[in-house]
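> For reference, the sequence and a predicted model appear below.
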Amino acid sequence: SQKIEQNSEALNIQEGKTATLTCNYTNYSPAYLQWYRQDPGRGPVFLLLIRENEKEKRKERLKVTFDTTLKQSLFHITASQPADSATYLCARDSGNTPLVFGKGTRLSVIA
Amino acid sequence: NAGVTQTPKFRILKIGQSMTLQCTQDMNHNYMYWYRQDPGMGLKLIYYSVGAGITDKGEVPNGYNVSRSTTEDFPLRLELAAPSQTSVYFCASSYGEGRGNEQFFGPGTRLTVL
């Protein structure tokens, strides 16, 4: 089966630092990787996606990379703020099947 | 646009009871999904639909049923509730299936089976 793994359940960082979250996949590369944010008691909200042939994608303070050699995507939040505290989910998008979500990483930004 | 709406927000059921979780979207999306989310376990796909009249099983369909009679609505039915169905249920919709199409999620229904 096509798996997607987020190895860190939780990550604590100091305000102002860069948070880096990891998403690993197995077998063949998905066509896309999608990233979502989920706040407690709410549904996930889409943040951004990256295509297999893109190495890097940016949106404001967010940056996502896609490394097909390592079978990994990294999600960075620069100049992190307490308001960035949430659970971040990555999802494998293979193009013709439903998304497969990782378990998520809970990020806490400490002031 | 209201996006994806779900009712009820909370529900407590007794073992063996039945209920229907409602989901409606107003974005004219063809694709709709039902997930359950248990603590630390991520989102698991229960059922999905690629359009009115067409549904398919996801990873964890046992104990659930769905129907899709309109583009807007995708109800999830629990026939004989069991404690293992205690979870948070999310409905989602998308314009297309994958291929870079983002999913829009509802606020969730928190279900407890006692």
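Arrived safely, thanks for sending. Predicted, not measured: the structure shown is a model, and the values here were computed from it.
> Let me see the contact set for B:Thr112.
Counting by C-beta atoms under 8 Å, 6 or more residues apart in numbering or on different chains, B:Thr112 makes contact with B:Arg11, B:Ile12, B:Leu13, B:Thr86. C-beta coordinates here come from the backbone N, C-alpha and C atoms, glycine included.
> count of neighbours near A:Gln34?
26 (other C-beta atoms under 10 Å in any protein chain shown).
> Repeat that for B:Asn1.
Residues near B:Asn1, counting by other C-beta under 10 Å, number 7.
> just to revisit the earlier point, could I get the contacts of B:Thr112 as CSV with pLDDT?
Below are the contacts of B:Thr112 laid out as CSV (pLDDT from 0 to 100):
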residue, pLDDT
B:Arg11, 97
B:Ile12, 97
B:Leu13, 97
B:Thr86, 97
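> any idea which of these is the one closest to B:Thr20?
B:Arg11 (10.3 Å; C-beta to C-beta).
> those strands in chain A, which residues are they?
A:4-5, A:10-14, A:19-25, A:32-38, A:45-51, A:56-59, A:62-67, A:72-77, A:86-93, A:100-101, A:105-110 (DSSP state E).
> Now tabulate those strands in a markdown table and tack on mean pLDDT and distance to B:Gly106.
Formatted as a markdown table, the strands of chain A follow (pLDDT from 0 to 100; distance: least, C-beta to C-beta, whole Å):
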| stretch | mean pLDDT | distance to B:Gly106 |
| --- | --- | --- |
| strand A:4-5 | 90 | 22 |
| strand A:10-14 | 95 | 26 |
| strand A:19-25 | 95 | 24 |
| strand A:32-38 | 96 | 13 |
| strand A:45-51 | 95 | 11 |
| strand A:56-59 | 95 | 24 |
| strand A:62-67 | 96 | 24 |
| strand A:72-77 | 96 | 24 |
| strand A:86-93 | 95 | 16 |
| strand A:100-101 | 94 | 15 |
| strand A:105-110 | 96 | 21 |
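> Spatially nearest residue to the closest residue to chain B within chain A (excluding sequence neighbours)?
When distances are taken as C-beta to the nearest C-beta, chain A reaches nearest to chain B at A:Gly43, 3.2 Å away. In space, and not counting its chain neighbours, A:Gly43 is closest to B:Phe105: 3.2 Å by C-beta to C-beta, 6 or more residues apart in numbering or on different chains.
> ok, now which ones touch that neighbour?
B:Phe105 neighbours (C-beta under 8 Å, 6+ apart): A:Gly43, A:Pro44, A:Val45, B:Val4, B:Phe90, B:Cys91, B:Ala92.
> before we move on, what about A:Phe46?
Here A:Phe46 is in contact with A:Gln34, A:Trp35, A:Tyr36, B:Glu102, B:Gln103, B:Phe104 (C-beta under 8 Å, 6+ apart).
> Filter those down to the buried ones.
Buried members of the contacts of A:Phe46, scored by 16 or more other C-beta atoms under 10 Å in any protein chain shown, are A:Gln34, A:Trp35, A:Tyr36, B:Glu102, B:Gln103, B:Phe104.
> confidence score at the fifth one?
In this model, B:Gln103 is scored at 96, pLDDT.
> Who is whatever residue of chain B ends up closest to chain A paired with across the strands?
Using C-beta to the nearest C-beta, the point where chain B gets nearest to chain A is B:Phe105, with a distance of 3.2 Å. Beta bridges link B:Phe105 to B:Ala92 when assigned by DSSP bridges.
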